[in-house]
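> structure for the following, please:
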Amino acid sequence: MCAAVREAVRHVWGVGHRHALPVVLALTLSACGLQEDLSQHETDPALVSPTAAPALAGAALIGQPLDIAAWRGHPVLIDWWASWCGPCRAEQPQLNALYLKFSPRGAHFMGVDFRDNADAGKAFVNEFRVRYPSIFDPAEATTGPWQVDAPPTLVVVDATGNIRARFLGTLVGIDSLLAQLLNSRT
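Predicted coordinates:
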């Protein structure tokens, strides 16, 4: 039994409010379940049944327009980010390291800067020395088709164009998944 449930039961019994027990139990059981779900989410990548990736193309924040279709035959990691997003800032050095590790082996990386302005996005790219290109999507046209609710969201697409995983606020498991996808295409 969750520690929060035990404590709630002791408290309710101790003060004599037995009529509140069902409510307290329901709330604390929900909290225990939510706590378990969140801790699992933080340690396990959100692997999904392979589904066809939607189109993803647009004006680059810096440089030429981008189209994920040009990278068919290669795994692609797509990072939806924003310059003001604290977790995005925290994970960017790790994403740079993943890029340096996996791009020479054939993986492609693309960012999507959304809920942002172009100047702030460019400053983020310069500050963190982001080595891969990003689409600038201030109107959030990409978020609906890709089921992105908030930054940071990372989606991994395999060489056949299928979404294989979604990572929400964590990079745990991306390294091994990219290695697996690269090994399976050779």
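> can you give me the neighbour number for residue 106?
Counted with other C-beta atoms under 10 Å, the neighbours of residue 106 add up to 16. Bear in mind the C-beta positions are built from the backbone N, C-alpha and C, glycine included.
> cool, and residue 83?
Using other C-beta under 10 Å, residue 83 has 21 neighbouring residues.
> surely it is in contact with residue 126?
No - using C-beta atoms under 8 Å, residue 83 is not in contact with residue 126, being 10.6 Å away.
> which secondary structure element of the chain has the lowest mean pLDDT?
Taking mean pLDDT, DSSP states H and E as the measure, the helix or strand of the chain with the lowest value is helix 21-43, at a mean of 38.
> so where do the helices sit in this protein?
In the chain, the segments counted as helices under DSSP state H are 3-15, 21-43, 86-102, 118-128, 143-146, 174-184.
> quick one, what contacts residue 54?
Contact criterion C-beta atoms under 8 Å, 6 or more residues apart in numbering gives 145-146 as the residues in contact with residue 54.
> how does it look with 10 Å?
Under the criterion of C-beta atoms under 10 Å, 6 or more residues apart in numbering, the neighbours of residue 54 are 68, 142, 144-147, 157, 161, 163.
> now, of those, which are buried?
Applying 16 or more other C-beta atoms under 10 Å to the contacts of residue 54, the neighbour count classes 68, 142, 146, 157, 161, 163 as buried.
> now, these that are in strands?
Filtering the buried ones among the contacts of residue 54 for membership in strands, criterion DSSP state E, returns 157, 163.
> and the buried ones among the contacts of residue 54 as a markdown table, adding distance to residue 170 and pLDDT?
Compiled in a markdown table, the buried ones among the contacts of residue 54 are given as follows (distance: C-beta to C-beta, whole Å; pLDDT from 0 to 100):
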| residue | distance to residue 170 | pLDDT |
| --- | --- | --- |
| 68 | 22 | 96 |
| 142 | 21 | 96 |
| 146 | 18 | 97 |
| 157 | 18 | 97 |
| 161 | 24 | 96 |
| 163 | 17 | 96 |
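> just name the closest of the buried ones among the contacts of residue 54 to residue 75, please.
The shortest distance between residue 75 and any of those, using C-beta to C-beta, involves residue 157 and amounts to 6.7 Å.
> wait, residue 168 sits on residue 91?
No - with contacts defined as C-beta atoms under 10 Å, residue 168 does not count as touching residue 91, sitting 11.5 Å away.
> which residues are in contact with both of these two?
In terms of C-beta under 10 Å, 6+ apart, residue 168 and residue 91 are both contacted by the residues 152, 154.
> and this structure, what are its domains?
Under automatic domain parsing, the residue ranges defining each domain of the chain are 3-42, 45-184.
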